[in-house]
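Colleague: make a model of this:
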Amino acid sequence: MRPPEGSSGASSEAASVDEDRPASTRRRTARLSIRAVLIALLVPGLIGLLAIDSWNDYCTLADITEDAYDNALLEPARVLESSIEMDDGGELRMTVPLYAQAMLESRAGLRKYFSIEAYPDGQWQTRQDAGVVLAGLSEMPRPPRHLMGGLNGDGRPVYYDAVYRNDPVRVVAMVRDIYRGGRVRHVGIIVAESVGRRDEVEQAARSSEISRDLRMLALVAVLVWFGVAWAMRPLARLRNEIRSRSTDDLTPLDAGGVPIEVVPLVEAVNHHVERHRRVLDQQTRFLEDASHQLRTPLAIMLTQTQFALREKDPAAVREGLSAVVQQLGQTRRLTEQLLSIAHASQEAPMTREPRDLRHLARQVVVQYLPLAREKQQDLGWSGTSDDSAPVWAVVNEAEVHEALSNLIHNAIHYAPIAATITVAVERVGSDAVCSVADDGPGIAPALRERVFARFDRAGASDARNHPGGSGLGLAIARAYARRNGGDIVLLDGEANALGGHGLRAELRIPATY
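Modeller: Residues are numbered from 1 along each chain as shown. Have a look, this model is predicted:
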């Protein structure tokens, strides 16, 4: 049973998806230049990195500034803490040194406030109102409730932000336990400082950071722009080289001066140029071959027609017209061969499907039986024990049919009258082999490759006795065979009565299943 044949329509639709896209979409995609893409990718990324780096630097600088000012704010609090004493009667008294008073003096942009309070025993951790003010200002901002747990009487400071008398301040607070004679008193020290100077320092640092980053960004943008422009210079030179070429200059592009990433593109262009050059060479050769091969039969037909027009005898006129008809048949065969060789030389994609080569070869044999009978030749099929089993190969049916037709036609044309021509198809290893063997004069081994050249009939032992041959049959057969992944080889055929070996032409194509 033959396997199901694939649908060529589905594959064609899949292959044409890109072609169905709107041309405007393709043009819009092509308008994006490499320079614009690189700048669009690099500059925003660099801006983001600089922004992150600037923010980290600013946060670090702000932390350092805050630590420095907090340490400076802690110094007068420590001095006040050390100036508190308790007498034998349990009363607290203070002795504030002059340098502590100097540290607590307010200056322009840096106002300071302080308070020293005594708390009742056991209540300093729970009270949010002021204790007994020993010195300084009353109603100083208390620590937030979540920071009260850090005031354990060991003098550990806590820092917080607050507002005192409509003045934003930074506050340090601590609680100190003072012991004497078995007594303990809890003393709270609160020192506040306006944040105006801090804000000025942070604003100056922020402005300096932004100014530095803007200069750095401008420098990076200039470097990226000139770097991309410098990297694109080889492409500009390549573009100018292509534009300056003449229309008939198909020499390969020089890939030596372009970046390594562009070398595959240049190689692809060179490959396309080489294919275009081969196509032009094939077209030129086809025109030359066609003009050369058709000139002679056309001249002969013109002469024969003029001869028939001059004749008075109807029999002579009929003879001349018969010669013209015969020449027309040969010319038609030559024209078909020229078109076939032109098609076989093309590199266009083709549709391949699984085909039974035995069935295909039988069709070609039946097609050429009348021509073989005209020469009284025995054209037949060589049967084997597994002759009914198909031999599958993925091929283009029309092209393989044409290749087999040329092999059989060549055998009929060059084999003598009453010759035997045998066609067989079998699987040999991984190949499907279609053979056409005859017991004619054959071709000398030294000339077998030469006969595949166009219009070369040197392989025929007596080509002058075989008029009408174009010398294209084997060239066409090999071209179609190679387009389908195979080849044509010539071997010795069947022995004849004259001691010759005949010729065996084999079409070998990779088999499947």
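Colleague: please count neighbours and contacts with C-alpha atoms only from this point.
Modeller: OK.
Colleague: tell me where the model's unsure across the stretch 151-300 of the chain.
Modeller: 286-294, 296 (pLDDT under 70).
Colleague: pretty sure Val222 sits in a helix.
Modeller: Yes - according to DSSP: H, G, I helix; E, B strand; the rest coil, Val222 belongs to a helix.
Colleague: distance check, the residue of the chain most remote from its centre against Asp154.
Modeller: Residue distances from the centre of the chain (Cα atoms, centre = their mean) peak at Gly89, which lies 91.7 Å from the mean C-alpha position. Gly89 sits 23 Å away from Asp154 when distances are taken as Cα to Cα, to the nearest Å.
Colleague: cool, and Pro234?
Modeller: In this structure, Pro234 and Asp154 are separated by 74 Å, where distance is defined by Cα to Cα.
Colleague: more crowded one of those two?
Modeller: For Pro234 versus Asp154, neighbours defined as other Cα atoms under 10 Å are more numerous around Pro234 (17 against 12).
Colleague: I figured the more buried one hits Glu261, correct?
Modeller: No - the criterion here is Cα atoms under 8 Å, and Pro234 misses it with Glu261 at 11.5 Å.
Colleague: ok now the helix or strand that contains Ala36, how far from the chain's centre?
Modeller: In the assignment (DSSP states H and E), Ala36 maps to helix 34-82. Shown here is helix 34-82, whose average C-alpha point lies 42 Å from the average C-alpha point of the whole chain (Cα atoms, centre = their mean, to the nearest Å).
Colleague: need the next SSE after that helix, C-terminal direction.
Modeller: Once helix 34-82 ends, the next helix or strand along the chain (criterion: DSSP H and E) is strand 84-86.
Colleague: sheet partners, orientation included, of the helix or strand following that following strand?
Modeller: Past strand 84-86, heading to the C-terminal end, the next element that is a helix or strand (DSSP H and E) is strand 92-94. Using DSSP bridges, strand 92-94 pairs in its sheet with strand 84-86 (antiparallel).
Colleague: what's the one helix or strand Thr305 maps to packed up against?
Modeller: In the assignment (DSSP H and E), Thr305 maps to helix 263-310. Packed against helix 263-310 by the contact rule (3 or more Cα pairs under 8 Å, 6 or more residues apart in numbering; DSSP states H and E) you find helix 314-344.
Colleague: skipping its backbone neighbours, what lies nearest Leu50 in space?
Modeller: Closest residue to Leu50 in three dimensions, ignoring its sequence neighbours and counting by Cα to Cα, 6 or more residues apart in numbering: Asp213, at 6.8 Å.
Colleague: SS state for that neighbour?
Modeller: Following three-state DSSP, we place Asp213 in the helix state.
Colleague: show me the domain layout of this protein.
Modeller: The chain breaks down by automatic domain parsing into domains covering 80-195, 263-342, 353-510.
Colleague: what's the first helix or strand after the longest strand belonging to the chain?
Modeller: When the chain is scanned for its longest strand (criterion: DSSP state E), the result is strand 167-180. Proceeding N to C from strand 167-180, the next assigned helix or strand is strand 183-194, under DSSP H and E.
Colleague: could I get the full set of strands for the stretch 401-513 of the chain?
Modeller: Per DSSP state E, counting those that start in this stretch, the stretch 401-513 of the chain carries strands over the ranges 420-428, 431-438, 487-492, 503-510.
Colleague: in CSV: those strands, plus distance to Val184 and mean pLDDT.
Modeller: As requested, the strands of the stretch 401-513 of the chain are arranged in CSV below (distance: least, Cα to Cα, whole Å; pLDDT from 0 to 100):
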stretch, distance to Val184, mean pLDDT
strand 420-428, 112, 91
strand 431-438, 109, 92
strand 487-492, 112, 90
strand 503-510, 107, 92
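Colleague: most tightly packed of the domains of the chain?
Modeller: Among the domains of the chain, the stretch with the highest mean neighbour count (mean count of other Cα atoms under 10 Å) is domain 353-510, at a mean of 19.
Colleague: one step back: who wins for proximity to Arg35 among the domains of the chain?
Modeller: When the domains of the chain are ranked by proximity to Arg35, the top entry is domain 263-342, at 17.0 Å, counting by Cα to Cα.
Colleague: report the distance from that closest one to the chain centre.
Modeller: From the chain centre to the centre of domain 263-342 is a distance of 45 Å (Cα atoms, centre = their mean).
Colleague: tell me the contacts of Glu200?
Modeller: Applying Cα atoms under 8 Å, 6 or more residues apart in numbering to Glu200 gives no contacts.
Colleague: now it, what's its secondary structure?
Modeller: helix.
Colleague: same thing with Gly257?
Modeller: coil.
Colleague: any idea how far it is from Glu241?
Modeller: According to Cα to Cα, Gly257 stands 12 Å off from Glu241.
Colleague: over to Met216?
Modeller: 38 Å.
Colleague: in stretch 201-216, which residues are buried?
Modeller: Of the residues in stretch 201-216, those scored as buried under the neighbour-count criterion (16 or more other Cα atoms under 10 Å) are Glu202, Ala205, Arg206, Glu209, Ile210, Asp213.
Colleague: same question for stretch 38-58.
Modeller: Buried residues in stretch 38-58, counting neighbours by 16+ other Cα under 10 Å, are found at Leu42, Val43, Ile47, Leu50, Ala51, Ser54, Tyr58.
Colleague: please give me every residue in contact with the closest residue to the fifth one other than its chain neighbours.
Modeller: So the one you mean is Ala51. Distance criterion Cα to Cα, 6+ apart; nearest residue to Ala51, sequence neighbours excluded, is Asp213 at 8.0 Å. Asp213 is in contact with Leu50, Ala51, Ser54, counting by Cα under 8 Å, 6+ apart.
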